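Enquirer: Using only what follows, build the 3D model:
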Amino acid sequence: MRTSRLQLLAAAGVAVASLALTACQDGTGTRDEGASASQPGASTPSDASSQAPEESASGSGGNASTANGSTGPGGGTAGSGESGSGSGGGGGGKGPSAGKGSAPGGSDDAPATFNPCNGSNTSVSAAPVSRPVNHMLITVKNTGSKNCDLTYYPVLRFDEMQWVPQPVEESKPQAVVTLAPGESAYAGVLLSAADGSGSGGATGKKLAVGFQGRTPNSDGGPAAIPSLPAAGVYYDSSLTVTYWQSSADDALTY
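Expert: The predicted structure is shown next:
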């Protein structure tokens with residue numbers, strides 16, 4: 001009996017050992033339980049490190065949106081985004097200033113007020129002079145209450161003449177002649193050639209003095225009709241006129 005029990009116990013022990021060995025070889029048992037325990041997404045060092053770049057990218061994304069003007073998360077990095085936005089605002093502030101400084105029509109670039117002299121704000125006289133010979137002096141006096149400007153040269157017309165006397169280009173001044181109230185300006189007129197080389201001579205009984213505007217040959221306002229000597233004024237094809245001058249001597253130089 002004792003021998004039979006010992007044999008049964010030995011057989012049972014062999015069976016248990018065989019079962020344990022089999023469990024170890026096919027990957028089941030405690031080994032499988034350990035692997036399955038590590039599968040869920042619990043916070044492990046490897047998982048935390050793999051998530052860190054995503055959080056950093058999210059943080060930088062927050063900075064970009066804050067730089068565009070949206071509200072940042074309020075962290076230190078968001079503060080740098082707000083600083084970037086502030087810098088952008090400063091740049092924008094400079095834009096309007098430059099635009100304003102360079103805007104056309106601004107107070108710094110505005111042209112001076114132009115007020116033409118003409119027959120409505122001046123008195124005009126025309127008188128032949130003894131020297132130089134065959135010359136006439138036109139005098140314009142500002143009778144208005146503010147400055148007026150004489151541009152280019154007077155446009156002369158005797159009676160019904162069909163041509164316009166040309167200016168003496170050498171007499172062109174450096175600047176527009178501006179007359180304060182009570183001041184005068186002058187233009188010299190060569191009526192005829194002293195050597196008789198002119199043609200188409202005629203005696204003018206009436207003279208119209210026209211004024212030019214800001215641009216050449218533009219209308220400067222009403223013409224003036226100065227009185228002429230009763231005998232009239234003789235002229236021929238040599239008829240020319242100077243630009244407006246500030247002195248009578250300059251006007252009679254040509």
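Enquirer: which residues does the nearest residue to Thr122 once chain neighbours are set aside bridge with?
Expert: Once flanking residues are discounted, Thr122 sits nearest to Val140: 5.0 Å by Cβ to Cβ, 6 or more residues apart in numbering. C-beta: built from backbone N, CA, C; applies to glycine. Beta-bridge partners for Val140, by DSSP bridges, are Val124, Ala185.
Enquirer: Quick one: residues contacting Val140.
Expert: Contact partners of Val140, counting by Cβ atoms under 8 Å, 6 or more residues apart in numbering, are 117, 122-124, 150, 179, 184-187, 209, 224, 244.
Enquirer: what do you get if the cut-off is 6 Å, keeping everything else the same?
Expert: Neighbouring residues of Val140 by Cβ atoms under 6 Å, 6 or more residues apart in numbering: Thr122, Val124, Ala185.
Enquirer: could you say what helices and strands the top strand by length along the chain packs with?
Expert: Assignment by DSSP state E gives strand 148-158 as the longest strand of the chain. When contacts are defined as 3 or more Cβ pairs under 6 Å, 6 or more residues apart in numbering; DSSP states H and E, strand 148-158 sits against strand 177-179, strand 207-212, strand 240-241.
Enquirer: who does the last one pair up with?
Expert: I take that to be strand 240-241. strand 166-167 (parallel), strand 184-190 (antiparallel).
Enquirer: which residues are contacting the shortest one?
Expert: Think strand 166-167. Contacts for strand 166-167 (Cβ under 6 Å, 6+ apart): Tyr153, Thr240, Val241.
Enquirer: Then Asp250 would be within a helix, right?
Expert: Yes. Asp250 forms part of a helix when assessed by DSSP: H, G, I helix; E, B strand; the rest coil.
Enquirer: Now do the same for it: its pLDDT.
Expert: We have a pLDDT of 97 for Asp250.
Enquirer: Look up how far Ser218 lies from it.
Expert: 24 Å (Cβ to Cβ, to the nearest Å).
Enquirer: Please report phi then psi for Glu170.
Expert: phi -70, psi -20 (degrees, to the nearest 10).
Enquirer: Next: Lys205.
Expert: Phi and psi for Lys205, reported as degrees, to the nearest 10, are phi -100, psi -20.
Enquirer: So it sits against Gly232, correct?
Expert: Yes. Here Lys205 reaches Gly232: they are 4.7 Å apart, a contact under Cβ atoms under 6 Å.
Enquirer: Tell me where the stretch 51-200 of the chain has helices.
Expert: Along the stretch 51-200 of the chain, the stretches classed as helices by DSSP state H, counting those that start in this stretch are 76-102.
Enquirer: what's the distance between the nearest residue to Gly232 once chain neighbours are set aside and Gly213?
Expert: Excluding the flanking residues, the one nearest Gly232 by Cβ to Cβ, 6+ apart is Thr203, at 4.2 Å. Here Thr203 is placed at a distance of 31 Å from Gly213 (Cβ to Cβ).
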